[in-house]
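Peer 1: using only what follows, build the 3D model:
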Amino acid sequence: MSHTLHRRGTVESLKNDFVIFAMSAKGINEIDSNIQLRRFLEIVRQFGPVNLGDMKTGNCFITPEETIITSTKDTSIVHGVFDNREAFIKALKAVKDADLGVSVIVSGLLDATQECCREAGINRNTCETSLGVWGKNELLPDEDILRFSTMCGHGMVAFSLVKKMIEDVKEGRRTIQEAAQEMAKPCQCGVFNPSRAAAMLEEILCLWGIRIA
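Peer 2: Below is the predicted model of the structure:
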């Protein structure tokens with residue numbers, strides 16, 4: 001299953017949130033796959049992703065993109081995040097045409113990703129979906145906080161960090177963009193979407209009646 005399946009929010013807030021990532025299969029095509037995974041990152045970077053990362057090295061908000069790419073290992077899982085549907089489709093098509101021989105996974109709203117795959121000339125062969133959170137849901141924070149934290153599938157974006165960033169923007173200590181990028185940093189893999197985070201911050205503050213300069 002994918003760690004990118006658990007993003008929460010409305011259809012409207014998720015409609016421009018696309019993740020594409022690649023990995024090799026241990027014991028099958030892992031040896032020397034760093035070459036293909038590096039090429040994957042080089043291709044994806046051409047189309048302007050809002051985040052880029054490798055679970056082994058980090059994301060582009062804590063590590064230079066060139067370092068991420070050149071440090072790719074056989075065991076890496078490499079990611080790109082898009083907030084633009086057309087750019088995402090172009091990236092998908094370019095990856096398909098490159099025929100890298102590694103597994104490629106895309107994540108987003110089911111209908112939207114299906115349509116993007118179709119336009120890129122790809123036939124989807126597997127579909128996975130999240131069953132949500134089971135257990136004592138009453139112990140979870142407000143939905144507003146979960147919309148941010150679940151953009152990191154490994155739970156590295158702490159609830160307290162999200163609350164702090166909202167408060168910082170509210171008090172004028174950070175801009176919306178600065179707060180969104182700060183939240184992106186702990187997500188080692190680089191699947192956090194700072195563009196979506198910025199839009200959600202603005203929405204929350206507007207609902208609170210706070211005017212953002």
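
Peer 1: switch to C-alpha atoms for all contacts and neighbour counts from now on
Peer 2: OK.

Peer 1: mind checking pLDDT for the residue lying closest to residue 81 once chain neighbours are set aside?
Peer 2: Distances taken as CA to CA, 6 or more residues apart in numbering place residue 19 nearest to residue 81, at 4.5 Å, with adjacent residues excluded. Here, the pLDDT recorded for residue 19 equals 97.

Peer 1: phi and psi next, for the one residue sitting closest to the centre of the chain.
Peer 2: Taking CA atoms, centre = their mean as the criterion, residue 191 is the residue nearest the geometric centre of the chain, at 2.5 Å. When quoted as degrees, to the nearest 10, the phi and psi of residue 191 stand at phi -100, psi 0.

Peer 1: which residues touch it?
Peer 2: For residue 191, the residues meeting the contact criterion (CA atoms under 8 Å, 6 or more residues apart in numbering) are 4, 19, 51-53, 79-81, 151-153.

Peer 1: try residue 41
Peer 2: Going by CA under 8 Å, 6+ apart, residue 41 touches 52, 69, 78-80.

Peer 1: show me which of the residues you listed is closest to residue 15.
Peer 2: Set against residue 15, the nearest of the contacts of residue 41 by CA to CA is residue 80 (16.3 Å).

Peer 1: partners of the helix or strand hosting the closest one, with directions?
Peer 2: When secondary structure is defined using DSSP states H and E, the element that contains residue 80 is strand 77-82. Here strand 77-82 is paired, per DSSP bridges, with strand 18-23 (antiparallel), strand 51-54 (antiparallel).
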